[in-house]
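Peer 1: Sequence first, then the predicted structure, then my questions.
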Amino acid sequence: MATPQNARLRMEDTDMGFAGCAAQRRLLASRIPVTQDEPVTAPVQAHSLDIDPAVVPGVWERWVDVSTWPEDDPDTKAATLEAAPAVGVRGRVVPKGGPSSTIVITRCDPLQAFYLRTPLPLATMSFEHDLETLDTGMVRMTHRLVFSGPMRGVFRRLIGTRIAAGFPQVMQSIVTHAGQAPAQ
């Protein structure tokens, strides 16, 4: 199986002897692709809720206004973007008890999809948020966590399981703040 070009670049970058430090994260952040052309290379961790379409604009606002993330996610201390949400816009997220990380928006389709990536040593962590209208008239709100790169399995086990375990609580909080409790 061929290694994606961006994963090869990351492996070469980490051979410089500064794996895990801030300089590497900055270098890797500059190499994060902003297209959806890369195939999914790790098992996906996801959670979905079916919500009333009337709450979709509020959910969208909670996703793209990253300053609200700490209100919905007890594991997030702070989040910022350098500009209005759009593909290629960079920002920072600070988890409680962890170092800040670069985030890059890789997809931003209003009221449909909001994707972000953050570099990790020899891996990339992606958060994918989707809103899909169902035949029932409800909207499926999905939050996915995907790891790619040579160390994807390690990071999935080290941090992915804990992050994904919080998805139900985070999503319920987003919907509640957006004006409606999730459908049962």
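Peer 2: Great, that's in hand.
Peer 1: Identify the bridge partners of the most centrally placed residue in the chain.
Peer 2: Centroid check for the chain by C-alpha atoms, centre = their mean gives Phe127 as the closest residue, at 2.0 Å. Per DSSP bridges, the residues bridged to Phe127 are Leu116, Leu145.
Peer 1: Next: Ile103.
Peer 2: Gly91.
Peer 1: what residues are up against it?
Peer 2: By C-beta atoms under 8 Å, 6 or more residues apart in numbering, Ile103 lies in contact with 66, 79, 81, 90-93, 116-118. From N, CA and C alone the C-beta is placed, and that goes for glycine too.
Peer 1: just to revisit the earlier point, and the gap between the residue nearest to the centre of the chain and Gly97?
Peer 2: 18 Å (C-beta to C-beta, to the nearest Å).
Peer 1: now swap in Ile163 and tell me
Peer 2: 13 Å.
Peer 1: quick one: which of the two has more around it?
Peer 2: Ile163 (18 against 7; other C-beta atoms under 10 Å).
Peer 1: can you tell me the average pLDDT over the helix or strand the more buried one falls within?
Peer 2: Following DSSP states H and E, one finds Ile163 within helix 161-165. Averaged over helix 161-165, pLDDT sits at 92.
Peer 1: Measure how far it is from the centre of its chain, please.
Peer 2: Centre-to-centre, helix 161-165 and its host chain are 12 Å apart (C-alpha atoms, centre = their mean, to the nearest Å).
Peer 1: Renumber starting at 42 from here on
Peer 2: With 42 as the first residue, the last one maps to helix 202-206.
Peer 1: for that helix, packing partners?
Peer 2: Helices and strands touching helix 202-206, by 3 or more C-beta pairs under 8 Å, 6 or more residues apart in numbering; DSSP states H and E, are strand 86-92.
Peer 1: measure Thr143 to Gly129 for me?
Peer 2: Distance of Thr143 to Gly129, given as C-beta to C-beta: 13 Å.
Peer 1: So between these two, which is more surrounded?
Peer 2: Per other C-beta under 10 Å, whichever of Thr143 and Gly129 has more neighbours is Thr143, with 19 against 11.
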